[in-house]
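A.B. asks: Sequence and predicted structure, then a few things I'm wondering about:
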Amino acid sequence: MDQEDMDQTEPDSTVDQVTNSGGRGREDPGRMMAESEVIAQEQKVEEDDEARSEATFRFKVENFSSIKDSVLSEPCIIRNLPWKIMIMQRQTQTQDRNTKSVGYFLQCNGESESSAWSCHANADLRLINQREGTKFSRKIGHMFYSKENDWGFSHYMGWNDVQDPEKGYIKDDCVIFEVKVNADAPHGVSWDSKKHTGYVGLKNQGATCYMNSLLQVLYFTNMLRKAVYKMPTESDDSQKSVALALQRVFHELQFLDKPVGTKKLTKSFGWETLDSFMQHDVQEFLRVLLDKLESKMKQTCVEGTIPRLFEGKMISYIRCKNVDYKSTRTESFYDIQLNIKGKKSIDESFADYIQTETLDGDNKYDAGNYGLQDAEKGILFDTFPPVLHLHLMRFQYDPVTDCSVKFNDRCEFPEILDLSSYIQSKDAEGGERDSTSPDSSKYLLHAVLVHSGDNHGGHYVVFINPQGDGKWCKFDDDVVSRCTKKEAIDHNFGGEGEELMTARHCTNAYMLVYIQQSRQGEILGPVTQADIPEAISERLQEEKRIEAIRRKEKNEAHLYMSVKVLLEDAFYGHQGNDLFDVETAPSFEFKIKKSATLREFLNTVAEDMRWPVERLRPWPLSHRTNQTLRPSLVELEDGDRSMTEVAENCNPWTVFLELLTPEVEATRPLPTFDKDQDVMLFFKYYCPRTGKIHY
């Protein structure tokens, strides 16, 4: 198992100084100075919080020499889960002799019976040297889940080395173990994202790759969210409208307390399979979505919002070296694709982007009347948009293997990006700089979209700085948690050197979102209830109400049965066997609780049909063995029997309802039917002239 995939806030040395040898270990404040003040404050706030991401705890093992089975420490609560240190004696057979070692493990959520949870953590497993005040340390990184709820080292250190008083690890047969844990927010357990961060996540509904990350980025582009709410969708089809589906997702992200579903959005898009997402990269998905929104906003009060936010201009030029001739073309762009292969930072990527190409030799430029000329070809940026999307080209086609490969090269990006050196004036001869507004070329990092794994799938998360104030959050599908600036930025540059074969090596940023600092207040300004048209809120609330009713009906469907009621009218005009045609005869349908009595059913029918209950009698229609359908008798005196019993478990149950017509005086009830004396007859008349049957 590789131990190098750890990056703690402490130095990575295996032995470090203890500043407080007794009690709980505290970090040396001198080493914490590198962290920003904000992070230090956040950590201070989280110290006693069970939802904290990081904690250090100790386990004093008394009578160490007599350990036979494993021993467990008291739990320390991190990310709302119990973590324990587990120590045991391990035996190994080497070259015909037994070697004893100390087994040292970190256990997470060990007593849970659930199998649905998981939590990724990095940890530093330390052994305290009680004589020298130092720590021996080994690091782990692991995804803890029900089948692998402990992780560590079977052979952390030789048993005799720990037992040797000269080495300083044992004192009065007591050994002290210490673990520093840094855990991500867990999945599959009760993690309240709204409570811990103020935001909610998006459900992982399978096969949506980068979509959840991108939707969160667009949601937190507040100026866009306001425009999305104002799109007219009153008459849109709720199944097919992308605009309405996005309004729904944004509204739920803003007001719900639990993770939001995206099935209606992917359905409206027509991208319901993994193939749809694998065939299009994040840039194509973003373009398709923004195009649909731009079209929907045309001829409305928010027309032009998309280009105002995301459109920049670049000038492609070809300039002849020896004659006064220049050809230019201005083009719009909504994002920039930067090459990161072999580039140390995105500054180098930008420099590469505007690199000029020389046209000479066989590749001279045809300059019209001037003929073939030596020239240089390049790109100048005219304007950058207020919201700048940078796609780092980590996934590229490899002609040798005929498939996409992922580049994990380290490429650094700053929190504040100064683009002044890449903005050129339109008529710049020799590339002179336009320095009219230096402030407008400074951009603040707003979001970092991250991919872990190789080109075949992997996992997508996004780090967002929602208000642009340096308070970062990690959005991992349905789980949202606070994180440090270092976790959001530095940890996602990409791997190199000794990290080559570890998990961190293939976890890196593939897209960055920067916001123009001079317009930060306008772009990230709060979205209030006043920004949401009433019609949208009302429509979405009505949808919710109907969905709740349907869900209730579905959940309770097994408690109800269906009763089809036919009146005498259904018999008129029927040609053929039986009294009516099962397929076409008009009928009334009632949903009745199976536990309801026959009397309750008849009262419901009487109330619905506005007919006195004493003037109606049901005749169940039963299938005979000769394939005919005939009325049978129900004892009305047995009115307290349940519907399931009366219908003999038939569902749906079909009945003919005999009514006493209004012509009969109102006070008279339906005469009782004596099954021993009375017979029910239905007459059909056959007309030989027309060849038809009349009821």
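C.D. replies: Great, that's in hand. Numbering: from 1, shown residues only.
A.B. asks: any idea how far T330 is from A367?
C.D. replies: When distances are taken as CB to CB, to the nearest Å, A367 and T330 turn out to be 20 Å apart. Yep, even glycine has a C-beta here, placed from its N, CA and C like the rest.
A.B. asks: out of those two, which sits in the more crowded spot?
C.D. replies: Between A367 and T330, A367 has the larger neighbour count (other CB atoms under 10 Å), namely 18 against 12.
A.B. asks: Now do the same for that one: its pLDDT.
C.D. replies: On the pLDDT scale, A367 is placed at 89.
A.B. asks: Does it touch V323 like I think?
C.D. replies: Yes. A367 sits in contact with V323 when judged by CB atoms under 8 Å, with a separation of 6.6 Å.
A.B. asks: Just the strands from the stretch 401-550 of the chain, written as ranges.
C.D. replies: 403-406, 416-418, 442-452, 459-464, 472-476, 479-483, 507-516 (DSSP state E, counting those that start in this stretch).
A.B. asks: how about the fourth one: buried residues?
C.D. replies: Within strand 459-464, the residues scored as buried using 16 or more other CB atoms under 10 Å are Y460, V461, V462, F463, I464.
A.B. asks: out of those residues, who's nearest R97?
C.D. replies: Comparing the buried residues of strand 459-464 against R97 with CB to CB places V461 closest, at 48.2 Å.
A.B. asks: isn't that closest one right next to S213, touching?
C.D. replies: Yes. The pair formed by V461 and S213 meets the contact definition of CB under 8 Å, at 6.6 Å.
A.B. asks: can you give me the helices for the stretch 201-350 of the chain?
C.D. replies: Counting by DSSP state H, counting those that start in this stretch, the segments of the stretch 201-350 of the chain that form helices are 211-219, 222-229, 242-255, 263-269, 274-279, 282-297, 305-310, 346-353.
A.B. asks: so who does the nearest residue to G304 once chain neighbours are set aside touch?
C.D. replies: Counting by CB to CB, 6 or more residues apart in numbering, the nearest residue to G304 once its immediate chain neighbours are dropped is M297, at 7.4 Å. Residues counted as contacts of M297 (CB atoms under 8 Å, 6 or more residues apart in numbering) are A227, M231, E303, G304, T305, I306.
A.B. asks: Leaving out the residues flanking it, which one is nearest to the last one?
C.D. replies: Ranked by CB to CB, 6+ apart and with sequence neighbours excluded, the top spatial neighbour of I306 is E294, at 4.2 Å.
A.B. asks: Point out the most buried one among the helices of the stretch 201-350 of the chain.
C.D. replies: Among the helices of the stretch 201-350 of the chain, the stretch with the highest mean neighbour count (mean count of other CB atoms under 10 Å) is helix 211-219, at a mean of 23.
A.B. asks: Check the separation of the first and last residues in stretch 353-360.
C.D. replies: Terminal residues of stretch 353-360 lie 20 Å apart, using CA to CA, to the nearest Å.
A.B. asks: can you list the residues that contact that stretch?
C.D. replies: When contacts are taken as CB under 8 Å, 6+ apart, the neighbours of stretch 353-360 outside the stretch itself are 318, 336, 338-339, 365, 374-381, 422.
A.B. asks: Break down the stretch 101-250 of the chain into its strands, ranges please.
C.D. replies: Counting by DSSP E, counting those that start in this stretch, the stretch 101-250 of the chain forms strands over residues 118-129, 134-145, 150-158, 170-171, 174-183, given from the N-terminal end onward.
A.B. asks: Between the ones you listed, which one is closest to A55.
C.D. replies: A55 sits nearest to strand 174-183 of all those, at 5.9 Å, using CB to CB.
A.B. asks: Which element, helix or strand, includes L380?
C.D. replies: Using DSSP states H and E, L380 sits within strand 375-383.
A.B. asks: mind exporting that strand as PDB, just the C-alpha atoms?
C.D. replies: Written as PDB, here are the backbone C-alpha positions of strand 375-383 (Å, rounded to 0.1, in the frame of the first residue of the first chain):
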ATOM      1  CA  ALA A 375       4.300  36.500 -42.300                       C
ATOM      2  CA  GLU A 376       3.400  35.800 -38.700                       C
ATOM      3  CA  LYS A 377       0.100  34.500 -37.500                       C
ATOM      4  CA  GLY A 378      -1.300  34.800 -34.000                       C
ATOM      5  CA  ILE A 379      -4.100  35.700 -31.600                       C
ATOM      6  CA  LEU A 380      -4.700  38.800 -29.500                       C
ATOM      7  CA  PHE A 381      -7.300  39.000 -26.800                       C
ATOM      8  CA  ASP A 382      -9.500  42.100 -27.300                       C
ATOM      9  CA  THR A 383     -11.700  41.700 -24.200                       C
END
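A.B. asks: how about the nearest residue to E148, chain neighbours excluded?
C.D. replies: Counting by CB to CB, 6+ apart, the nearest residue to E148 once its immediate chain neighbours are dropped is H142, at 7.2 Å.
A.B. asks: Which neighbours do A367 and V323 have in common?
C.D. replies: By the contact definition CB under 8 Å, 6+ apart, A367 and V323 are jointly contacted by Q373.
A.B. asks: strands paired with the strand ranked longest in the chain, and their directions?
C.D. replies: As assigned by DSSP state E, the longest strand anywhere in the chain is strand 81-94. Here strand 81-94 is paired, per DSSP bridges, with strand 71-72 (antiparallel), strand 76-78 (antiparallel), strand 97-108 (antiparallel).
A.B. asks: So for it, what gets flagged as buried?
C.D. replies: Within strand 81-94, the residues scored as buried using 16+ other CB under 10 Å are L81, P82, W83, K84, I85, M86, I87, M88, Q89, R90.
A.B. asks: Would you point out the most distant pair within the residues you listed?
C.D. replies: The span of the buried residues of strand 81-94, defined through CB to CB, is set by L81 and Q89 at 27.0 Å.
A.B. asks: Pull up the distance across stretch 602-621, start to finish.
C.D. replies: In stretch 602-621, first residue to last residue: 16 Å (CA to CA).
A.B. asks: now stretch 449-469
C.D. replies: 18 Å.
A.B. asks: try stretch 225-234
C.D. replies: From its first residue to its last, stretch 225-234 covers 18 Å (CA to CA).
A.B. asks: ok, and what's touching it?
C.D. replies: Applying CB under 8 Å, 6+ apart, the contact partners of stretch 225-234 are 218-219, 241, 243-244, 246-247, 250-251, 293, 296-297, 300-302, 305, 527, 531-533, 535-536, 539.
A.B. asks: picking that back up, mind putting the contacts of stretch 353-360 in TSV, neighbour count and distance to L657 included?
C.D. replies: As requested, the contacts of stretch 353-360 are arranged in TSV below (neighbours: other CB atoms under 10 Å; distance: CB to CB, whole Å):
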residue	neighbour count	distance to L657
I318	20	88
I336	21	73
L338	19	76
N339	15	78
Y365	21	91
D374	16	98
A375	26	92
E376	15	92
K377	15	87
G378	17	86
I379	18	81
L380	20	84
F381	21	80
Y422	19	82
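A.B. asks: Reformat the residues you listed as CSV; add distance to R689.
C.D. replies: Supplementary listing: the contacts of stretch 353-360 in CSV, determined by distance: CB to CB, whole Å:
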residue, distance to R689
I318, 95
I336, 87
L338, 90
N339, 92
Y365, 97
D374, 104
A375, 100
E376, 101
K377, 95
G378, 97
I379, 92
L380, 95
F381, 93
Y422, 96
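A.B. asks: C403 pairs with what?
C.D. replies: According to DSSP bridges, the partner residues bridging C403 are D398.
A.B. asks: residues near F136, how many?
C.D. replies: Neighbour count of F136, defined by other CB under 10 Å: 19.
A.B. asks: burial of K100, as a residue count?
C.D. replies: Taking other CB under 10 Å as the definition, K100 ends up with a neighbour count of 14.
A.B. asks: Count the residues that sit near the nearest residue to it once chain neighbours are set aside.
C.D. replies: Nearest-residue entry for K100: W159, 3.6 Å, with adjacent residues in sequence omitted and distances by CB to CB, 6+ apart. Close neighbours of W159, defined as other CB under 10 Å, add up to 19.
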